[in-house]
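# Dropping the sequence and predicted coords here.
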Amino acid sequence: MKKLILALGFASGLFLGTPGHAETAPTITVYKSPTCGCCRDWVRHLEENGFEVEAIDTQNLNTIKAQAGLTPALASCHTAFVNDYVIEGHVPARDIHRLLAQDLPARGLSVPGMPVGSPGMELGDRQDAYQVLLFNEQGQTRVFADYR
C-alpha cells in the first residue's frame, strides 16, 4: 500500500509540473485578424499548453507589428506579447515556455511566414521545415529552434 501511495504522489507531481497547465505560464495577449482561422488554432494551441490567452481582433496588425519593432523579414499573421517579449507567428508553445524559463536578453521569438505543420498551420501529415528565430532590439536574429 505504501508503494501505491508513493507512486500516486510521484505521478501527480509529474502531472502538475507539466507545461500543459495554466498555472505554469503567464497570460499572452494575441493580436490577430478576426477572420483568420490559423490564428484561432494557434490560440487554442497556446491554451492547450498552459497559457492563459487574451485574443484581440484587430484590422491594424501592421501598426502593432511596427510598434513592436518587427521587421518585414520577421513578420507573420499574428503578433503576441508575454512578459516583456514579442511572439510573432506560429511559434510552438514549448519554445515560448523555454524562452520564459531561460529569461533571455532578447526582444522575442518569430516564425516568419506561415509554415505548414507549425502550430495552427496543421495540414494532415505535411510538415514544412521551419525555424524559430530569437531576435533582439536591432532585429538581429539567431536560430532558437529548428523543426525539420
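That came through, no problem.

# now the residue nearest to residue 69 when sequence neighbours are not counted: how far from residue 120?
Spatially, and ignoring its direct neighbours in sequence, residue 69 is nearest to residue 107 (6.1 Å; CB to CB, 6 or more residues apart in numbering). For glycine as for every other residue, the C-beta is placed from the backbone atoms N, C-alpha and C. Using CB to CB, to the nearest Å, residue 107 is found at 22 Å from residue 120.

# which residues touch residue 121?
38, 41, 90, 114-115 (CB atoms under 8 Å, 6 or more residues apart in numbering).

# need the residues you listed in CSV with distance to residue 128, pLDDT and neighbour count, can you?
Below are those laid out as CSV (distance: CB to CB, whole Å; pLDDT from 0 to 100; neighbours: other CB atoms under 10 Å):
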residue, distance to residue 128, pLDDT, neighbour count
38, 13, 94, 20
41, 16, 97, 14
90, 11, 98, 28
114, 9, 96, 17
115, 4, 97, 18
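
# what stretches of this protein score poorly on pLDDT?
Low-confidence segments of the chain (pLDDT under 70): 1-24.

# for residue 143, helix, strand, or coil?
Three-state call for residue 143 (DSSP: H, G, I helix; E, B strand; the rest coil): strand.

# The residue nearest to residue 69 - how many residues pack around it?
Residue 107 is flanked by 22 other residues according to other CB atoms under 10 Å.

# now the helices for this structure?
Ranges of helices in the chain, per DSSP state H, are 2-16, 37-48, 61-67, 93-102.

# With just CA atoms, put stretch 41-52 into CSV.
C-alpha atoms of stretch 41-52 as CSV (Å, rounded to 0.1, in the frame of the first residue of the first chain):
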residue,chain,number,x,y,z
ASP,A,41,-5.9,27.5,-34.0
TRP,A,42,-2.7,28.9,-32.6
VAL,A,43,-4.5,30.5,-29.7
ARG,A,44,-6.1,27.1,-29.0
HIS,A,45,-2.5,25.5,-29.1
LEU,A,46,-1.3,28.0,-26.5
GLU,A,47,-4.3,27.3,-24.2
GLU,A,48,-3.7,23.5,-24.6
ASN,A,49,-0.2,24.1,-23.5
GLY,A,50,-0.8,26.0,-20.3
PHE,A,51,-1.1,29.6,-21.3
GLU,A,52,-4.0,32.0,-20.5
